[in-house]
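Participant: this is the structure alone, sequence omitted:
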């Protein structure tokens, strides 16, 4: 185990692990025995401890509830065949977490709390990491404002917490997507690039309406023309056009800079594809689909890794993809899975040992 800072650790009297059914792990519904909690007050981080996973006692007036000062990350840990635990690219999530914190006027979390604290927490609850295919230990670091005041201003007090959840696949089947033309996820100058709670709360109505139509998620478009593509649900999105993988550019600050997105770009290039990060319109998708050059569409994200898209609806147009003919996305998923689970060499230094 890598040497880390000393934390106050309070262990549970009795583990819940024996009650866990590893053959039935819905995403985000089971949590390990312990959590990490750090308190920010008087301009500094005052305490960091690992303690039993339990309910929090909070005043109803805290700023996070009323004004949305809340951010989070999603990371995954895996256990190799030899029993060692590894985390996929946590330093990239650490960097992005503090980018979100800056945008939301929140304090930065030091590396020794975020990374070292995470490592010690995972080491303590390592036996909770599932080893079945498409399973992992989902890591959720989050921070929220705790000032007890009704007033629109940055809080002076915060809690940073990490909880762990053994989990199976987020989407059990390929997705059906509808292009969103009414509601907006993000606009230039907004918080689209930050992983703040409000982005996800604002997405719920559009997603609910899509599900009422028989679809799983929405493909977000720009705020002005509802033409330029952004993200699909809570994921980054890729399209295979000929021998080129196209994904929307991050330049306008409306799209989250996904860690899995970045990993996918690297691996796609290793697979021999050209990768273009640029603006792409729904009109281009329709045109390339009709021309027979749009071969695949898929989402990327920590929760889903790679999620296939089998149907995409825009107005009266319905684009369908024959899952039996898909080549790029399945190979990409397999390559990433092999790196994450130790079956393939980690030539990029993505896996961080516990």
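Facilitator: Thanks, I have the structure now. These numbers come from a predicted model, not from an experiment.

Participant: got the phi and psi for the residue lying farthest from the centre of the chain?
Facilitator: Distance to the chain centre peaks in the chain at residue 291, reaching 33.5 Å (criterion: CA atoms, centre = their mean). Note on residue 291: its backbone torsions stand at phi -80, psi -10 [degrees, to the nearest 10].

Participant: so for stretch 82-100, mean pLDDT?
Facilitator: Taken as a whole, stretch 82-100 has an average pLDDT of 97.

Participant: which helix or which strand is home to the residue nearest to residue 348 when sequence neighbours are not counted?
Facilitator: Sequence neighbours aside, residue 266 is the residue nearest to residue 348 in space, at 6.6 Å (criterion: CB to CB, 6 or more residues apart in numbering). (C-beta placed from N, C-alpha, C; glycine too.) Assignment of secondary structure by DSSP states H and E places residue 266 within helix 259-270.

Participant: which other residues reach that helix?
Facilitator: The contact list for helix 259-270, computed with CB atoms under 8 Å, 6 or more residues apart in numbering, reads 88-89, 92-93, 96, 236, 238, 245, 247, 275, 277, 300-302, 305-306, 328, 332, 335-336, 348, 350.

Participant: where do the helices sit along the stretch 201-350 of the chain?
Facilitator: Secondary structure of the stretch 201-350 of the chain (DSSP state H, counting those that start in this stretch): helices located at 204-212, 259-270, 282-291, 328-340.

Participant: adding mean pLDDT, write these out as CSV.
Facilitator: Output for the helices of the stretch 201-350 of the chain, formatted as CSV (pLDDT from 0 to 100):
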stretch, mean pLDDT
helix 204-212, 96
helix 259-270, 98
helix 282-291, 98
helix 328-340, 96
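
Participant: nearest to residue 32, of these?
Facilitator: Of all the helices of the stretch 201-350 of the chain, it is helix 328-340 that lies closest to residue 32, at 19.2 Å by CB to CB.

Participant: starting at the chain centroid, how far to that closest one?
Facilitator: On the basis of CA atoms, centre = their mean, to the nearest Å, helix 328-340 sits 17 Å off its chain's mean C-alpha point.

Participant: buried residues, that helix. List them.
Facilitator: Using 16 or more other CB atoms under 10 Å as the test for burial, helix 328-340 gives 328, 329, 332, 333, 335, 336, 337, 339, 340.

Participant: hmm, back to that, how many other residues sit next to the residue nearest to residue 348?
Facilitator: 15 (other CB atoms under 10 Å).

Participant: ok, residue 301 next?
Facilitator: Residues lying near residue 301 (other CB under 10 Å) number 23.

Participant: list the contacts for it?
Facilitator: By CB under 8 Å, 6+ apart, the contact set of residue 301 is 74, 170, 234, 235, 236, 258, 260, 261, 307.

Participant: who touches the closest residue to the first one other than its chain neighbours in this structure?
Facilitator: Read that as residue 74. For residue 74, ignoring the flanking residues on the chain, the nearest one in space by CB to CB, 6+ apart is residue 302 at 4.0 Å. Going by CB under 8 Å, 6+ apart, residue 302 touches 74, 75, 76, 138, 258, 259, 260.

Participant: which of those residues count as buried?
Facilitator: Among these, those classed as buried by 16+ other CB under 10 Å are 74, 75, 76, 138, 258, 259, 260.

Participant: hmm, back to that, which member of the buried residues of helix 328-340 is positioned nearest residue 51?
Facilitator: Looking across these and measuring by CB to CB, the closest to residue 51 is residue 340, at 28.9 Å.

Participant: how far away is residue 21 from residue 30?
Facilitator: According to CB to CB, to the nearest Å, residue 21 and residue 30 sit 9 Å apart.

Participant: and the two? Which one has more around it.
Facilitator: residue 30 (20 against 7).

Participant: can you give me the distance of the more buried one to residue 135?
Facilitator: From residue 30 to residue 135 the distance is 12 Å (CB to CB).

Participant: which residues are in contact with both of these two?
Facilitator: What both residue 30 and residue 135 touch, as defined by CB under 8 Å, 6+ apart, is the set 166, 167.

Participant: strands of the stretch 51-200 of the chain, start to end?
Facilitator: Secondary structure of the stretch 51-200 of the chain (DSSP state E, counting those that start in this stretch): strands located at 70-72, 75-79, 85-88, 136-145, 158-167, 175-179.

Participant: can I get the ones you listed in CSV with distance to residue 12?
Facilitator: Compiled in CSV, the strands of the stretch 51-200 of the chain are given as follows (distance: least, CB to CB, whole Å):
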stretch, distance to residue 12
strand 70-72, 24
strand 75-79, 19
strand 85-88, 19
strand 136-145, 17
strand 158-167, 13
strand 175-179, 38
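
Participant: what's the burial count for residue 214?
Facilitator: Applying other CB under 10 Å, we find 10 residues neighbouring residue 214.

Participant: beta partners of the residue lying closest to it once chain neighbours are set aside?
Facilitator: Excluding the flanking residues, the one nearest residue 214 by CB to CB, 6+ apart is residue 176, at 6.8 Å. Beta-bridge pairing of residue 176 under DSSP bridges involves residue 311.
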